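Undergrad: okay, here's the prediction I keep looking at, along with the sequence it came from:
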There are 2 protein chains.
Amino acid sequence: MYISVMVSPSPIAVKVWTRLIRAHSKALSGVEAQLKKARLPPLSWYDILLELERADTGGLRPYELQNKLLLPQYALSRLIERLASKGFVERASCNDDGRGQLLKITAKGRKIKEQMWVVYGPAIEQHIDQKLPEAELKTLSDLLEKIAR
Amino acid sequence: MYISVMVSPSPIAVKVWTRLIRAHSKALSGVEAQLKKARLPPLSWYDILLELERADTGGLRPYELQNKLLLPQYALSRLIERLASKGFVERASCNDDGRGQLLKITAKGRKIKEQMWVVYGPAIEQHIDQKLPEAELKTLSDLLEKIAR
DNA sequence: CCAATATAAATGCAACTGCATCTATATTGG
DNA sequence: CCAATATAGATGCAGTTGCATTTATATTGG
């Protein structure tokens, strides 16, 4: 008598795995390259500026940003330092928590974010919109969401 | 009279973009963490060992590997150096091209690759197989392929 | 209230990456 | 055949990342 054996992982899962890596790598490195060519900051800066802009006048604490962006603590600490050194964010000390600080986007930060979008937006269009019709994008979005869950 | 304006990119494309990044980041960093915890080499080593194993006795030239793996030349050069220093690959000088070398996986290389798969395989199962039924994996695989094209 | 513990953020150091360049060998056009 | 150019691969250097630890302030249990 034969017993069915669990193979780990399934061939289709391996295919999804490799294609996820490929798709990500192609799209991401494409966009990063376009930003670099335009002498603009890397994508990670955009993410931070976006969150800070959303937070508006309230600002955000670094650890809040960390949760939103899923970065390691030290990585964010250093990103913020670079952003601050360019004048794109402001660090104010936090009056209800002496350990912390409150981050806010500056006018200069808003401006660079906008300039980045001029490259970033069309790059997404090129790497995503132009590859699939809307219905398939919808499907893909749902499936990726489940993978990331 | 109103003229329809191209928005760049579409909202659904932006969603796919962010979810692609999330899904990749969650799955990848999960697997890398598991490998590290098992004190095994990083994923990039596996890719190289896999290609060299497929090439078997014929071996591969670095530039061939580079094409398969889409790595920058200097990155591969250094990866190979590390792999060689651990005895996982062998570099032989190439007799039909004095500039080049021929890479082969060693017995030790095959062994570490196998040990990595013990962690890697189940990790893929956990991060991919267990998230979606087979039919959806098939769909996802096709869609990702189109994105990467 | 204070000692123990937890949390926010920074940082020293080693490893890794990206860029530009360099060396060595191959190929090609005159 | 040789000078010019192209290709294979390595490497110096500066910038970045990961890890572990440190500093400073908050919180918590006795």
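TA: Alright, I've got the coordinates.

Undergrad: now the terminal residues of stretch A:123-142, how far apart.
TA: 22 Å (CA to CA, to the nearest Å).

Undergrad: average model confidence for it?
TA: The pLDDT scores in stretch A:123-142 average 96.

Undergrad: check stretch A:95-110 too.
TA: The model assigns stretch A:95-110 a mean pLDDT of 95.

Undergrad: and that stretch, which residues are buried?
TA: A:101-106, A:109 (16 or more other CB atoms under 10 Å in any protein chain shown). Where you see a C-beta, it was placed from the backbone N, CA and C, and this is true even at glycine.

Undergrad: dump the residues you listed to JSON lines, plus secondary structure and distance to residue B:53.
TA: Formatted as JSON lines, the buried residues of stretch A:95-110 follow (DSSP: H, G, I helix; E, B strand; the rest coil; distance: CB to CB, whole Å):
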{"residue": "A:101", "secondary structure": "strand", "distance to residue B:53": "50"}
{"residue": "A:102", "secondary structure": "strand", "distance to residue B:53": "53"}
{"residue": "A:103", "secondary structure": "strand", "distance to residue B:53": "48"}
{"residue": "A:104", "secondary structure": "strand", "distance to residue B:53": "53"}
{"residue": "A:105", "secondary structure": "strand", "distance to residue B:53": "50"}
{"residue": "A:106", "secondary structure": "coil", "distance to residue B:53": "53"}
{"residue": "A:109", "secondary structure": "helix", "distance to residue B:53": "49"}
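
Undergrad: for the most centrally placed residue in chain A, which non-adjacent residue is spatially closest?
TA: Centroid-nearest residue in chain A: residue A:47, 5.2 Å away (criterion: CA atoms, centre = their mean). Once flanking residues are discounted, residue A:47 sits nearest to residue A:69: 5.5 Å by CB to CB, 6 or more residues apart in numbering or on different chains.

Undergrad: return the residues in contact with that neighbour.
TA: A:47-48, A:51, A:76 (CB atoms under 8 Å, 6 or more residues apart in numbering or on different chains).

Undergrad: one more: residue A:25?
TA: Residue A:25 is in contact with residue B:70, counting by CB under 8 Å, 6+ apart.

Undergrad: near DNA strand C, anything from the helix or strand containing it?
TA: Secondary structure from DSSP states H and E places residue A:25 in helix A:11-37. Yes - under the criterion of CB under 7 Å from any atom of the strand, DNA strand C is reached by helix A:11-37 at residue A:36.

Undergrad: the helix or strand following that helix: how far from the chain's middle?
TA: Per DSSP H and E, the first helix or strand lying C-terminal to helix A:11-37 is helix A:43-55. Put simply, helix A:43-55 sits 9 Å off its chain's centre (CA atoms, centre = their mean, to the nearest Å).

Undergrad: does helix A:43-55 reach DNA strand C?
TA: No - if you take CB under 7 Å from any atom of the strand as the test, helix A:43-55 misses DNA strand C, and the best it gets is 12.4 Å.

Undergrad: identify the residues contacting that helix?
TA: Under CB under 8 Å, 6+ apart, the answer for helix A:43-55 is A:28, A:31-32, A:35, A:59-60, A:65, A:68-69, A:71, A:79-80, A:82-83, A:88-89, A:103-105, A:109-110, A:112-113, A:116-117, A:120.

Undergrad: buried members of these into ChimeraX, please.
TA: In ChimeraX, this line selects whichever of the contacts of helix A:43-55 come out buried by 16+ other CB under 10 Å:
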select /A:28,31,35,59,60,65,69,71,79,80,83,88,89,103,104,105,109,112,113,116,117,120
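
Undergrad: pLDDT score assigned to the residue nearest to the centre of chain A?
TA: 96.

Undergrad: how long is stretch A:37-46 end to end?
TA: 16 Å.

Undergrad: can you tell me the element the residue of chain A found nearest DNA strand D falls in?
TA: Here chain A gets closest to DNA strand D at one residue, residue A:98, 2.6 Å apart by CB to the nearest atom of the strand. Following DSSP H and E, one finds residue A:98 outside all helices and strands.

Undergrad: distance check, residue A:14 against residue A:70.
TA: 25 Å (CB to CB, to the nearest Å).

Undergrad: comparing those two, which shows the higher neighbour count?
TA: Using other CB atoms under 10 Å in any protein chain shown as the criterion, residue A:14 and residue A:70 rank with residue A:14 on top: 18 against 12.

Undergrad: who touches that one in this structure?
TA: B:124, B:128.
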